[in-house]
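> Sequence unavailable; structure follows:
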């Protein structure tokens with residue numbers, strides 16, 4: 001019975017990590033909250049081992065902090081950390097944009113346009129979660145087409161730190177990034193204008209540094 005093969009431990013760890021990461025970014029687990037492996041193992045229907053492994057990864061990503069034999073808790077949102085993450089993620093997006101533009105196909109551009117349509121609709125509706133998902137989907141096209149695994153891993157590692165502040169800021173009534181910048185990016189990509197696409201990408205991610213500067217979280 002091929003469908004009943006054992007699930008690899010790494011897959012359980014990855015699932016646990018994704019679920020806990022999403023809850024932290026969404027604000028369902030607030031900064032400063034203590035997390036316990038036994039509690040999360042029960043909630044996720046897992047043993048404690050993959051949850052401990054997920055905690056270790058999230059400590060490495062900066063979403064959790066741990067003091068041995070004492071506690072593991074959600075880190076505070078610190079503007080300086082967000083600025084640092086935005087600088088790194090922005091640089092990686094510029095890198096992948098430069099590599100991806102010459103390789104983009106019509107189907108890729110269609111995916112970017114569809115994602116931006118969803119983004120604009122979500123912003124109008126005040127749906128922060130959907131706006132951020134659509135934003136990720138748009139930029140992920142360029143990450144995928146570029147094919148740079150190191151850049152993709154770096155983006156995946158540091159983006160949640162940024163999203164946590166973005167979500168909170170927009171949830172408090174702040175303005176979401178304009179779909180107009182995305183439209184300009186797509187136009188540059190469609191025209192094969194790599195320098196313009198890279199400049200627009202830099203503008204997009206610069207707004208995240210500005211967001212951190214404007215947020216009193218230090």
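Great, that's in hand. Values in this document were obtained by computation on a predicted structure and should not be read as measured data. Residues are numbered from 1 along each chain as shown.

> who touches residue 194 in this structure?
The contact partners of residue 194, taken as C-beta atoms under 8 Å, 6 or more residues apart in numbering, are 97-98, 101-102, 188. In short, each C-beta sits where N, CA and C put it, glycine included.

> Return the distance of the residue nearest the centre of the chain relative to residue 82.
The centroid of the chain falls nearest to residue 159 when counting by C-alpha atoms, centre = their mean (3.6 Å). Distance from residue 159 to residue 82, counting by C-beta to C-beta, to the nearest Å: 11 Å.

> Tell me, how many residues neighbour residue 191?
Residue 191 is flanked by 11 other residues according to other C-beta atoms under 10 Å.

> measure it to residue 98 for me?
15 Å.

> wait, residue 53 sits on residue 14?
No - contact criterion C-beta atoms under 8 Å: residue 53 and residue 14 do not qualify, at 9.2 Å.

> who has more neighbours, these two?
residue 53 (18 against 15).

> Residue 106 versus the more buried one, what's the distance?
41 Å.

> Show me how the chain divides into domains.
Per automatic domain parsing, the structural domains of the chain span 2-74, 79-214.

> Include mean pLDDT when you put the ones you listed into a markdown table, please.
Conversion of the domains of the chain to a markdown table gives the following (pLDDT from 0 to 100):
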| stretch | mean pLDDT |
| --- | --- |
| domain 2-74 | 88 |
| domain 79-214 | 90 |
